[in-house]
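Q: Sequence first, then the predicted structure:
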Amino acid sequence: MDGSSDLLRPQLADLKSAFDIRCLSIPSDDVTGWDGLIEQIADLIVREKQRSPSRRIYLCGESFGGCLGLKLAAQFPRLCDRLILVNPASSASRQPWLDFGASVAQRLPSPLYRLSTLGLLPLLIAPLRVSIPSQQDLLTAMQSVSPPSAAWRLSLLRQFVLEELPLERIEQPVLVLASGSDRLLPSVEEAGKLESYLPNSQTVLLPDSGHACLLEKDVGFRNILKLHSFCFDGSMPALSLSR
């Protein structure tokens, strides 16, 4: 939800050996709705495909980005060859804290909002599994979003209803990463729900990981893809949606 691409940084060195990476970055004061975001992302991917028509596209969305990925793949099913969802926030609208969080974020002045992000940190990470620099990167990313924009993005999650998407159009392979120690969302339960809607999907359980699992020292994203036979041979572009 921070809209930055910075939080993929711990995984970049390893991923670059197999992927030509494109990261989506949403401006910190952006209040574009779902439809506008989806259209913009689709346009970006079309341009990538025009540059290299034969190369395969992996679409990866984490948390808020997971909702973007699901909407995009359902609306434009031919745009990507593989879909990866990392603790997608598709269950957020069913969580009682969402309305309260959106209301509070909208009313907080910027200094208090930045301070409030400290309280969110234990919900987002398993502290012993994330280095201090990566924890600081996460805080910086969250604090970069303006309070009105944070409230707007929470309101988008409130509007997201998984059952209203034409998920039957998503026929490409889908890999779902679900953290067993996610304190923010019921990611393991949601992975099971997604599997029931997406027949060509598989779930990777990360039993000790927190919500922001890609920040963790012991989580190798590329290795997970290889172990679960989710990689094509050869180099290919990948688009990573922001959190």
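A: Alright, I've got the coordinates.

Q: ranges for the strands of this structure?
A: With DSSP state E, the ranges of strands along the chain come out as 19-23, 58-62, 82-86, 174-179, 201-206, 236-241.

Q: Convert the C-alpha atoms of the lengthiest helix in the chain to PDB, please.
A: Longest helix in the chain, counting residues (DSSP state H): helix 34-51. The C-alpha coordinates for helix 34-51 follow below in PDB (Å, rounded to 0.1, in the frame of the first residue of the first chain):
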ATOM      1  CA  TRP A  34      -9.200   0.700  -9.300                       C
ATOM      2  CA  ASP A  35     -10.300   1.200 -12.900                       C
ATOM      3  CA  GLY A  36      -7.800   3.900 -13.500                       C
ATOM      4  CA  LEU A  37      -4.900   1.900 -11.900                       C
ATOM      5  CA  ILE A  38      -5.800  -1.200 -13.900                       C
ATOM      6  CA  GLU A  39      -6.000   0.700 -17.200                       C
ATOM      7  CA  GLN A  40      -2.600   2.400 -16.500                       C
ATOM      8  CA  ILE A  41      -0.900  -0.900 -15.600                       C
ATOM      9  CA  ALA A  42      -2.400  -2.700 -18.600                       C
ATOM     10  CA  ASP A  43      -1.000   0.100 -20.900                       C
ATOM     11  CA  LEU A  44       2.400  -0.300 -19.300                       C
ATOM     12  CA  ILE A  45       2.400  -4.100 -19.900                       C
ATOM     13  CA  VAL A  46       1.100  -3.700 -23.500                       C
ATOM     14  CA  ARG A  47       4.100  -1.400 -24.200                       C
ATOM     15  CA  GLU A  48       6.500  -4.000 -22.700                       C
ATOM     16  CA  LYS A  49       5.000  -6.700 -24.900                       C
ATOM     17  CA  GLN A  50       5.300  -4.500 -28.000                       C
ATOM     18  CA  ARG A  51       9.000  -4.100 -27.300                       C
END
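
Q: Show me where this structure has its helices.
A: Under DSSP H, the chain gives helices at 9-15, 34-51, 64-75, 97-107, 110-124, 132-143, 147-159, 187-197, 221-227.
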